[in-house]
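Chemist: Predicted model, plus sequence, below.
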Protein chains: 2
Amino acid sequence: MAGQAAGTRRAVILRAAAGLFAARGFHGVSIEDLGRAVGTSGPALYRHFAGKEALLAAILVEISERLAEEGAARAAEEADPAGALDALLRGHIAFALDEPALITVHDRELENVPEPERRRIRRLQRGYVEQWVAVLARLRPDTPEPALRAALHAVFGLLNSTPHSAGELGREEMAGLLFTMARAALLAR
Amino acid sequence: MAGQAAGTRRAVILRAAAGLFAARGFHGVSIEDLGRAVGTSGPALYRHFAGKEALLAAILVEISERLAEEGAARAAEEADPAGALDALLRGHIAFALDEPALITVHDRELENVPEPERRRIRRLQRGYVEQWVAVLARLRPDTPEPALRAALHAVFGLLNSTPHSAGELGREEMAGLLFTMARAALLAR
DNA sequence: CACCGATGTTAGTGAATGTTAACATCGGTG
DNA sequence: CACCGATGTTAACATTCACTAACATCGGTG
C-alpha cells in the first residue's frame, strides 16, 4: 500500500484528528478513535506521529503558523490602518468559517501540548496578536494598550464562537455579520 | 465529623470541581483530583454525588438556572427594550467576571452531561436565549430573527471569553469595556 | 526477482481511572 | 450510654488507554 504524494497521509490524519479533538476534546478522544477516523486501527498512527500529544502539537503549530503568516501578509498589503484592520478581520473570519475545527482546537487545547512545542505556539500566537495591536494602536492612539489588548481578545472570542453557534445563516451572510459586529466592537467607545 | 448547614459540603465540592473542570476539562480531571481539591481523597465524593458525570450535571444545572432566573428578573424590571438590553448585558458581564470558572464550564462541557439532565440544561439555556432575542427583536424589528440569534451567540462568545484573556485590566474597567463593545456589536449594522 | 521502505495488523503490557465494598470515626439524639 | 446518620478511609476490581513488539503486505527499484 504505497503511493500518494508524501505527506498526504499525514495531512489526512491531522485533519481527522482536528475534527475529533474539536468535537470531544483532547482527552475525550482515544488513539483507537483517531485510527478509526482514517480507516485504520489505532497503533497504525505511530508510523506517522510519536504519540497523541505530538499529533496535537502538529495541529496547533500548523494553525498558528498559518494565522501568523497570513496575518502578516494581509496587514502588509494595506497602507492605512483602517484598511489593514479590515484585511485582518476578513482573513480571520474566513479562517474561522472555513476551518471551524481548527479554530476550536486552536483556542482550547494549548494546555495539552507538551513543552517544547508549547513555547513555539505561544510565540506564534503572540506575533499574530502584535500585528492586530499595532494596527489598533494607530487607529486609536488615545486608548491605552492594555485596553486595546483586552478588546482584541474579546473580539477573538466573538469571531471564534462561530463554530459553536447553530449556523442558521449562510456563509456570506455570516461573514458580513461577523465583520460588522467585530468592527463596531473594536472601534466603539 | 458532623455539622455545617446541610448542603454546604456539596457546595464546596461543586465550586472546587468547577475550578478544575474549567482549567483542565472534564476528562482531564480525575476523581482523585477532585477529592484532593476539597481535602479528602477520591471515593469520599460518592457520599455526595452518584458519580463524576452527576457532579458535572449538578454544576451545569445550577448555572443554567441561575442565568435564566436572573435574566428573567433583570429583563422584567425594565420597561423599554433599551433598558432591558442594558440590564441583561450588565447581569451577564457581572456573572462572567465574578464566576469565570462557571462560565467556562457552562459553554464547554454540556456534551459530557448525561442525558436526563442534558435536556433540562438545554431547555434552560434556550429560555435564557429567548429573553435576549425578545428584547433584540423589539430593538431591531427590521432585522430577521436568525440574524439576531447569530449576533447574540457571537456576543456571548465575546462576553464569555473574559476568563481566558490575561486580565491586565481592573474589574470595573473590564466590565465597562465589555459593555461598550457588546452593545456596539449588537446594535451595529 | 530479490530487496526495501512505507504502512498496516494483532497481541500484549503497565498505568490510570471510575466505581464499589468493607470498615472507621464521631457528633447529636432518644 | 447505646445508636445512627453523615462523612471519611483504604483495598480491590474491571475497564480503558497509550504505547510497544512482532509480524504481514506490497509497490517500486536496482
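Modeler: Now that the structure is in, tell me what you want to look at. Residues are numbered from 1 along each chain as shown, chains lettered A, B, ... in the order given.
Chemist: Just give me the residue closest to the centre of chain A.
Modeler: Central residue of chain A (CA atoms, centre = their mean): residue A:103, 3.8 Å from the mean position.
Chemist: Is that residue in contact with residue A:162, as I believe?
Modeler: Yes: using CB atoms under 8 Å, residue A:103 is in contact with residue A:162, at 7.5 Å. For the C-beta atoms, the positions are set from N, CA and C on the backbone; glycine is no exception.
Chemist: Report the set of residues contacting both of those two.
Modeler: residue A:96 (CB atoms under 8 Å, 6 or more residues apart in numbering or on different chains).
Chemist: With only the CA atoms kept, save stretch A:125-144 in CSV.
Modeler: Provided in CSV are the C-alpha atoms of stretch A:125-144 (Å, rounded to 0.1, in the frame of the first residue of the first chain):
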residue,chain,number,x,y,z
GLN,A,125,0.2,33.5,18.7
ARG,A,126,1.9,36.5,20.3
GLY,A,127,3.2,37.5,16.9
TYR,A,128,-0.3,37.3,15.5
VAL,A,129,-1.7,39.4,18.3
GLU,A,130,1.0,42.0,17.9
GLN,A,131,0.0,42.6,14.3
TRP,A,132,-3.5,43.4,15.4
VAL,A,133,-2.3,45.6,18.3
ALA,A,134,-0.1,47.6,16.0
VAL,A,135,-2.9,48.4,13.7
LEU,A,136,-5.3,49.2,16.5
ALA,A,137,-2.8,51.4,18.2
ARG,A,138,-2.6,53.5,15.0
LEU,A,139,-6.4,53.7,14.7
ARG,A,140,-6.9,54.6,18.4
PRO,A,141,-3.7,56.4,19.6
ASP,A,142,-5.5,57.7,22.6
THR,A,143,-6.5,54.3,24.0
PRO,A,144,-4.0,52.7,26.4
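Chemist: buried set for it?
Modeler: A:125, A:127, A:128, A:129, A:131, A:132, A:133, A:135, A:136, A:139, A:140 (16 or more other CB atoms under 10 Å in any protein chain shown).
Chemist: What of stretch A:18-26?
Modeler: A:18, A:19, A:20, A:21, A:22, A:25, A:26.
Chemist: wait, does that stretch contact DNA strand C?
Modeler: No: between stretch A:18-26 and DNA strand C, judged by CB under 7 Å from any atom of the strand, nothing touches; the nearest distance is 12.9 Å.
Chemist: what's in contact with that stretch?
Modeler: By CB under 8 Å, 6+ apart, stretch A:18-26 touches A:29, A:33-34, A:37, A:52, A:56, A:59, A:100-102, A:104-105, A:108-109, A:112, A:163, B:25-28, B:111.
Chemist: So which of those belong to helices?
Modeler: The members of those that map onto helices under DSSP state H are A:33, A:34, A:37, A:52, A:56, A:59, A:100, A:101, A:102, A:104, A:105.
Chemist: if I look at the nearest residue to residue A:139 once chain neighbours are set aside, how far off is DNA strand C?
Modeler: In space, and not counting its chain neighbours, residue A:139 is closest to residue A:81: 4.7 Å by CB to CB, 6 or more residues apart in numbering or on different chains. Here residue A:81 is placed at a distance of 46 Å from DNA strand C (CB to the nearest atom of the strand, to the nearest Å).
Chemist: Can you report how many residues lie near residue A:81?
Modeler: For residue A:81, the count of nearby residues is 17 (other CB atoms under 10 Å in any protein chain shown).
Chemist: and what of residue A:74?
Modeler: Counted with other CB under 10 Å, residue A:74 comes out at 19.
Chemist: nearest to residue B:47, of the ones in helices among the contacts of stretch A:18-26?
Modeler: Nearest to residue B:47 among the ones in helices among the contacts of stretch A:18-26, counting by CB to CB, is residue A:33 at 33.6 Å.
Chemist: tell me the contacts of residue A:182?
Modeler: Contacts of residue A:182 (CB under 8 Å, 6+ apart): A:89, A:93, A:155, A:158, A:159, B:185.
Chemist: neighbour-wise, which of these leads?
Modeler: residue A:158 (28 neighbours).
Chemist: Apart from its chain neighbours, what residue comes closest to that residue?
Modeler: Nearest one to residue A:158, counting by CB to CB, 6+ apart, is residue B:158 at 3.9 Å.
Chemist: Run a quick check on that neighbour versus residue B:181, I expect a contact.
Modeler: Yes: the pair residue B:158 / residue B:181 is scored as a contact, 6.4 Å apart, by CB under 8 Å.
Chemist: Overlap in contacts, the two.
Modeler: What both residue B:158 and residue B:181 touch, as defined by CB under 8 Å, 6+ apart, is the set A:154, A:155, A:185.
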